[in-house]
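>>> for reference, the sequence and a predicted model appear below.
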Amino acid sequence: MRPAKLVVLPYRLEAEDGEHLVVHAIAADERLELSSGFKLFLDAFQEPHEVAAFLAAHSEVAAHDELEAGLDLLIERGLLVDAAWRDQLRDLRMVRAAYSAFSFERVPVTALLGEQLTADAVFFGVPVDIATTGAAGARNGPAAIRWHTQQRSIASGRYLDEADEQVRRVALDGALDIGDLALKAGEGIDAIVPRIKTVAQLATRRGALLCAVGGDHSITWPLLAGLVASRRARGETRPLCVVHFDAHADLPRAAPGPFDARHSHASFMRHVIDDRLVDAVVQIGLRCVIPEPATNALAIEPRVVGATRAMRIDRAALLALVPANHDLYVTLDIDVVDPAFAPHTGTPEPRGLPPWRVLELLGALVEERHLVGIDVVEVAGPAALANTTAA
């Protein structure tokens, strides 16, 4: 559904003749070539303007369906946005990444995050790795994963892996890709975190499934904070369980580093628990030493399935860890996978899980529990066929 009122985000007119316009969309940092007729739209929506009034005022200039098609094109390209959210969008600076022509799972791309956004699932990228204590590179995760989602078909149909003698149907309907969070040179993690929370809150305000791709693991705390804020605003009362796939527990309150240590990728779970964002925590794949002070006075005691046990835990025992009356949020640090399969990550640990086992565990959870959000983090390396971690 199109918003009732639209406004143009900042742009620069680079060229104009009798037939064409060349416009630089500043918020999206994108150069657009348009027909000269689009000047009518850009002029009309310099200030917030009712769509119905625009259509009525210009009914003699063009047919109703042609005017609507023009509006939809400018909305899709990120120039026209919901007027109710102009200020927030200007600050959030959602942009089309280098591989946004390859959207996540080839779903439609939009810059519209306003009140009228309706989608069953919302994808977006968070290319941030300034809060890592390991090797950098996770900022490339969204682009690398976008690239790899183009290498296979996601068309609706029958899923071919029937080793368990179950025939599954696959459909991806009602999903949108809203681009990547844009960053400014020299910007600190403490300035980025509030914007991540706001994007998550806007994207899920109508109950859409949140699908975020990082970025380092510091992004999960604000993602969950935004999701929980939107749930509370909607009056959602079901408890929330976070299932955390990782080699590390991420429970210290802070970790050393050249950034605001409170927002470290190695401390996000402590803050999720301290802020009471969730009602239950399950951690799967851990195989690291946890400093004793990190586990002191935890408001929620995580239920832990170490990497060795995760290899053999059966479906019933796994599901028993996540109460059936809880909604499910999954955060997956790619270093839960053994570095033999996923070497492109900042803090690899030996003796991890093989990819097929991670997919089995994920499959059991999402088939039997109500998934409301998922993030995948710590994928590093380039957008290239050789990046097996992104694949």
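All right, it came through fine.
>>> got the phi and psi for Val242?
Dihedral angles of Val242 (phi, psi; degrees, to the nearest 10) stand at phi -100, psi 130.
>>> roughly how far does it sit from Glu301?
Per C-beta to C-beta, to the nearest Å, Val242 is found 13 Å from Glu301. (C-beta placed from N, C-alpha, C; glycine too.)
>>> who touches both of these two?
Common contacts of Val242 and Glu301 (C-beta atoms under 8 Å, 6 or more residues apart in numbering): Val281.
>>> neighbour count for these two, which is higher?
It is Val242, of Val242 and Glu301, that has more neighbours when counted by other C-beta atoms under 10 Å, with 26 against 10.
>>> next up, the contacts around the more buried one.
Leu224, Val272, Leu277, Val278, Ala280, Val281, Val282, Tyr329, Val330, Thr331.
>>> quick one: which of those is nearest Ser103?
Distance to Ser103 across the contacts of Val242 (C-beta to C-beta) is lowest for Val330, with 21.0 Å.
>>> burial count for the closest one?
22.
>>> check for me that it belongs to a helix.
No - with DSSP: H, G, I helix; E, B strand; the rest coil as the criterion, Val330 is assigned strand and is not in a helix.
>>> pretty sure it is touching Leu365, no?
Yes - using C-beta atoms under 8 Å, Val330 is in contact with Leu365, at 6.8 Å.
>>> shared neighbours, those two?
Shared contacts of Val330 and Leu365 (C-beta under 8 Å, 6+ apart): Val243, Leu371.
>>> ok so, going back, buried ones only from the contacts of Val242, please, as a ChimeraX command.
In ChimeraX, this line selects whichever of the contacts of Val242 come out buried by 16 or more other C-beta atoms under 10 Å:
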select :224,272,277,278,280,281,282,329,330,331
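>>> contacts for stretch 218-226, please.
By C-beta under 8 Å, 6+ apart, the surrounding residues in contact with stretch 218-226 are 126, 128, 131-132, 189, 193-194, 196-204, 210, 212, 214, 242, 263-265, 268-269, 271-272, 275, 277-278, 329, 331, 373, 375, 377.
>>> only the C-alpha atoms, please, for that stretch, written as PDB.
What follows is stretch 218-226, C-alpha atoms only, in PDB (Å, rounded to 0.1, in the frame of the first residue of the first chain):
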ATOM      1  CA  SER A 218      27.800  -6.000  18.200                       C
ATOM      2  CA  ILE A 219      24.800  -5.400  15.900                       C
ATOM      3  CA  THR A 220      22.600  -8.100  17.600                       C
ATOM      4  CA  TRP A 221      22.000  -6.100  20.800                       C
ATOM      5  CA  PRO A 222      20.400  -3.100  19.000                       C
ATOM      6  CA  LEU A 223      18.600  -5.400  16.500                       C
ATOM      7  CA  LEU A 224      16.900  -7.100  19.400                       C
ATOM      8  CA  ALA A 225      16.200  -3.800  21.200                       C
ATOM      9  CA  GLY A 226      14.500  -2.500  18.100                       C
END
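>>> check which helix or strand His148 maps to.
Secondary structure assignment for His148, by DSSP states H and E: helix 141-149.
>>> what packs against that helix?
Other elements packing on helix 141-149 under the criterion 3 or more C-beta pairs under 8 Å, 6 or more residues apart in numbering; DSSP states H and E are strand 121-126, strand 209-214, strand 370-377.
>>> note down every partner strand of the longest one and its orientation.
Pointing back at strand 370-377 there. strand 209-214 (parallel), strand 327-333 (parallel) (DSSP bridges).
>>> centre of the chain to the last one, how far?
Pointing back at strand 327-333 there. 12 Å (C-alpha atoms, centre = their mean, to the nearest Å).
>>> ok, and what's touching the helix or strand just after it?
Moving toward the C-terminus from strand 327-333, the next helix or strand (DSSP H and E) is helix 355-368. Helix 355-368 has contacts (C-beta under 8 Å, 6+ apart) with 243, 245, 284-285, 310-311, 313, 315, 318-319, 322, 324, 328, 330, 332, 336-337, 341-342, 371.
>>> just the buried subset of these, please.
Buried among the contacts of helix 355-368 (16+ other C-beta under 10 Å): 243, 245, 284-285, 310, 313, 318, 322, 328, 330, 332, 336-337, 341-342, 371.
>>> just the closest of these to Val8, please.
Of all those, the one with the least separation from Val8 (C-beta to C-beta) is Leu371, at 36.5 Å.
>>> could you name the helices and strands sitting against the helix or strand where Asp65 lies?
Assignment of secondary structure by DSSP H and E places Asp65 within helix 64-76. Contacts defined by 3+ C-beta pairs under 8 Å, 6+ apart place helix 64-76 against strand 5-8, helix 39-44, helix 51-57, strand 80-82.
>>> circling back: out of the contacts of Val242, which are inside strands?
Ala280, Val281, Val282, Tyr329, Val330, Thr331 (DSSP state E).
>>> if the first one is in a bridge, with which residues?
Ala280 forms beta bridges with Cys241, as assigned by DSSP bridges.
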